[in-house]
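Peer 1: please work out how this folds:
(chains A and B)
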Amino acid sequence: MSLLHFTLITFVASLVAGVLGSMLGLGGGVIIVPFLTLWMKIDIRYAVGASIVSVIATSSGAAAAYVRERMTNMRVAMFLEIATSAGALTGAFLAGIIAVRWIYIIFGAVLGYSAIVMFKKRNHAESPAVDPDPFADRLRLHSSFHDDALGHEVHYRVSHTKLGFAMMYVAGIVSGLLGIGSGALKVPAMDLLMRLPIKVSTATSNFMIGVTAAASAGVYFVRGDIDPFISAPVVTGVLIGATVGSKMLQKIQSNWIRVLFVIVLLWVSAQMLFKGIHG
Amino acid sequence: MSLEPAKTKTPLSEEARALEKVHQVELVISTLLRAGVVLSFCVVLAGMAMTFLQHPEYSETITMQTRPVAFPHSVADVLRGVMDLRGQSVILLGIAILIATPVLRVGISIFAFMYQRDRTYVVITSIVLILLLASFALGKVEG
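Peer 2: The predicted structure follows:
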């Protein structure tokens, strides 16, 4: 396979990763890393470098549209970013101390469980009745967005902000330790705990992951892990894919997004359990 | 730090004006993200085109296993490469622009919340920026 051939195939795979990642609030690393390592036989070091770049591309590519359409809840994102970036810092400190193997097993199980709970919630229409949360009132987190699939404005209230904040801290630690899974943990926390509509959850998660990834990407860049041959098709493919995906999220019904998310979540959970068990 | 108290009842026109400000801010942030993304996309694409045009062997005999892995990774080296119109350096410049975009977004948001006179969120966003810069600095030391 010539370098040009590799570039074209990687571009197509990245296009798919961009569409899925932007709709589901995941960086697209769940597709990019296995694709590059298992299929293209690329060294994990460069695959992770390309994956971190793909996270930023997904996030920024789709966020331009999501912010304008108010799919992203910017206040929720900004507030929770404190927790995720503090968590990522903590994770970096813990990296040498904690046995990563058990983290994979624990969070593989957590994600698997979240997938089941999220799947069960699929037929309960997003109800406006949530537990009152004075903290969310004070931070003025409640908002609304226009759902194209429903054809009207959806008003929603945010709940359990403090618990959600704590969960985001944990999500930050995990992504700092493992380098993956931050979006996979953020979306269930916003959906199940804070009771944001699923589309707002994925769009807001999508908005947040770019910031955390940018911090680590600087490090990877300086370390020389970002290979231009691999990253160029990844960036261009993901950016186009994310633009397409952000248009699709508005049109697709919430339940489909939920089911699609659950499938990918199970896949991430299986990957983590596999890594934990096989070391 | 005390959180800003919930807004007392204000006349509708003022509320509408506040909402208008929020939309303006959203538009600014959205435009910034789009500009960063489009610029980065074009630069990376140009770099790719240059790489393959400069090296015909890349589309024939060279594979991922035999590719040159000595690429620049300090800002100075990348810039020097761009001056010499080297394709790989141009690609990395595009990626550097992409990495800078979310950081810039957080920075701009601080000013955006100032404009909205939203002190709580000016503080929140500033903390995020500090944590972001701290983790970047920390990683640099470790790396």
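Peer 1: and the closest residue to A:E69 other than its chain neighbours, how many neighbours?
Peer 2: Computed as Cβ to Cβ, 6 or more residues apart in numbering or on different chains, the closest residue to A:E69 that is not its neighbour in sequence is A:Q250, at 6.4 Å. (Glycine included, C-beta is placed from N, CA and C.) Residues contacting A:Q250 under the criterion other Cβ atoms under 10 Å in any protein chain shown number 18.
Peer 1: surely A:Q250 touches A:D148?
Peer 2: Yes - using Cβ atoms under 8 Å, A:Q250 is in contact with A:D148, at 4.2 Å.
Peer 1: show the backbone phi and psi for A:D147.
Peer 2: Reported as degrees, to the nearest 10, the phi and psi values for A:D147 are phi -90, psi 110.
Peer 1: isn't it right up against A:S254?
Peer 2: Yes - counting by Cβ under 8 Å, a contact exists between A:D147 and A:S254, whose distance comes to 7.5 Å.
Peer 1: quick revisit: and the helix or strand containing the residue nearest to A:E69, what does it pack onto?
Peer 2: A:Q250 is part of helix A:228-251, with elements assigned from DSSP states H and E. Contacts defined by 3 or more Cβ pairs under 8 Å, 6 or more residues apart in numbering or on different chains; DSSP states H and E place helix A:228-251 against helix A:3-24, helix A:44-68, helix A:198-223, helix B:12-54, helix B:87-115.
Peer 1: do that again at 6 Å, thanks
Peer 2: helix A:3-24, helix A:44-68, helix B:12-54, helix B:87-115 (3 or more Cβ pairs under 6 Å, 6 or more residues apart in numbering or on different chains; DSSP states H and E).
Peer 1: pick the most buried one from those.
Peer 2: helix A:44-68 (a mean of 27; mean count of other Cβ atoms under 10 Å in any protein chain shown).
Peer 1: so is it next to chain B?
Peer 2: Yes - counting by Cβ under 6 Å from any Cβ of the partner chain, chain B is contacted by helix A:44-68 at A:53, A:56, A:60-61, A:63-64, A:67-68.
Peer 1: next, the contact list for the closest residue to B:Q54 other than its chain neighbours, please.
Peer 2: Excluding its sequence neighbours, the residue lying closest to B:Q54 (Cβ to Cβ, 6+ apart) is B:G87, at 5.5 Å. Counting by Cβ atoms under 6 Å, 6 or more residues apart in numbering or on different chains, B:G87 makes contact with B:47, B:50-51, B:54.
Peer 1: can we see that at 10 Å?
Peer 2: Contacts for B:G87 (Cβ atoms under 10 Å, 6 or more residues apart in numbering or on different chains) come out as A:228, A:232, B:46-55, B:58, B:81.
Peer 1: now the common contact residues for A:D147 and A:S254.
Peer 2: In contact with both A:D147 and A:S254: A:126, A:154, A:197, A:199-200, using Cβ under 10 Å, 6+ apart.
Peer 1: can you say which of these are buried?
Peer 2: Buried members of the shared contacts of A:D147 and A:S254, scored by 16 or more other Cβ atoms under 10 Å in any protein chain shown, are A:126, A:154, A:197, A:199-200.
Peer 1: and the two most separated of the residues of helix A:44-68 next to chain B?
Peer 2: Spanning the widest gap among the residues of helix A:44-68 next to chain B are A:V53 and A:R68, at 23.8 Å by Cβ to Cβ.
Peer 1: run the chain-centre distance for the lowest-mean-pLDDT helix or strand in chain B.
Peer 2: Here the helix or strand of chain B ranked lowest by mean pLDDT, DSSP states H and E is helix B:119-142, holding a mean of 83. Between the centre of helix B:119-142 and the centre of its host chain there is 15 Å, according to Cα atoms, centre = their mean, to the nearest Å.
Peer 1: can you count the residues close to the single nearest residue of the stretch 151-279 of chain A relative to chain B?
Peer 2: Minimum separation of the stretch 151-279 of chain A from chain B (Cβ to the nearest Cβ) falls at A:V219, amounting to 3.4 Å. Counted by other Cβ under 10 Å, the residues lying close to A:V219 total 20.
Peer 1: check contacts around the closest residue to A:L4 other than its chain neighbours.
Peer 2: Spatial nearest neighbour of A:L4, excluding adjacent residues (Cβ to Cβ, 6+ apart): B:S59 at 3.7 Å. For B:S59, the contacting residues are A:2-5, A:7, B:52-53, by Cβ under 10 Å, 6+ apart.
Peer 1: how much space separates the residue nearest to A:E69 from A:W39?
Peer 2: Here the criterion is Cβ to Cβ, to the nearest Å. By it, A:Q250 lies 32 Å from A:W39.
Peer 1: now A:R157
Peer 2: 44 Å.
Peer 1: which one of the two is surrounded by more residues?
Peer 2: A:R157 (19 against 11).
Peer 1: verify the stated contact: that one with A:P134.
Peer 2: No - taking Cβ atoms under 10 Å as the definition, A:R157 is not a contact partner of A:P134, at 11.8 Å.
Peer 1: which residue packs closest to the residue nearest the centre of chain B, ignoring adjacent ones?
Peer 2: In chain B, the residue lying closest to the centroid (Cα atoms, centre = their mean) is B:T101, at 0.8 Å. Distances taken as Cβ to Cβ, 6+ apart put B:G36 closest to B:T101, at 3.3 Å, once the chain neighbours are dropped.
Peer 1: quick one, what contacts that neighbour?
Peer 2: With Cβ under 10 Å, 6+ apart, B:G36 has these contacts: A:56, A:60-61, A:64, B:97-102, B:104-105.
Peer 1: tabulate these in CSV, adding columns for pLDDT.
Peer 2: Formatted as CSV, the contacts of B:G36 follow (pLDDT from 0 to 100):
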residue, pLDDT
A:I56, 92
A:S60, 91
A:G61, 90
A:A64, 84
B:I97, 94
B:L98, 95
B:I99, 91
B:A100, 91
B:T101, 93
B:P102, 91
B:L104, 90
B:R105, 90
